[in-house]
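Chemist: Provided below are the primary sequence and the corresponding predicted coordinates.
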Amino acid sequence: MKNKVLRDVFKLNGFTSSLLIALRGIVYLFLYHRNMRIIFLMGLAAILMGFYFNLKGIELIALSITVTLVFMAEIFNTAVELMMNSIAEKYNTKVRLVKDIAAGIVVIVCINAAVIGYVLFIRKMF
């Protein structure tokens, strides 16, 4: 009985299928959502600039966390939009508000990313 419980806890089959499902979602975002491709390219450029300007380790960590937060916000926004579009077939004020709030999260995170980018890169560039 005890061995079966341990096997179930450490079973990789469920993990592997969960990982494949998540990767399918990421591929979908890249194929069908222009903003995700733009965010990816800008994030990659920011990380490469971090290496080019020899940012310290802690600065690179802050930069990579910031890039990840922008990705997460855009993924969340896209998921909310898809869900709301599937719920409401015609215009609904509350659905529009939920979608606007989700988009607002992206704006806030992007403003934060711009400030962090400014702090990290301005003294290195000039």
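Modeler: Received, thanks.
Chemist: Remind me what the longest helix belonging to the chain packs against, helices and strands.
Modeler: Counting residues, the longest helix found in the chain (DSSP state H) is helix 93-125. Other helices and strands packing on helix 93-125, by 3 or more CB pairs under 8 Å, 6 or more residues apart in numbering; DSSP states H and E, are helix 34-52, helix 57-87. From N, CA and C alone the C-beta is placed, and that goes for glycine too.
Chemist: what's the closest of those to residue 113?
Modeler: Nearest to residue 113, of all these, is helix 57-87, at 4.9 Å by CB to CB.
Chemist: could you give the mean pLDDT of that closest one?
Modeler: Average pLDDT, helix 57-87: 96.
Chemist: again, but for stretch 31-44
Modeler: Taken as a whole, stretch 31-44 carries a mean pLDDT of 95.
Chemist: And it, what's buried?
Modeler: Buried positions in stretch 31-44, judged by neighbour count with 16 or more other CB atoms under 10 Å: 33, 36, 39-40, 43.
Chemist: Please apply the same query to stretch 93-112.
Modeler: Quick answer for stretch 93-112 (16+ other CB under 10 Å): 95, 98-99, 102, 105-106, 109-110.
Chemist: Show me how this structure divides into domains.
Modeler: Segmentation of the chain into domains, based on automatic domain parsing, reads 1-32, 34-125.
Chemist: pretty sure residue 36 is touching residue 29, no?
Modeler: Yes - the pair residue 36 / residue 29 is scored as a contact, 4.4 Å apart, by CB atoms under 8 Å.
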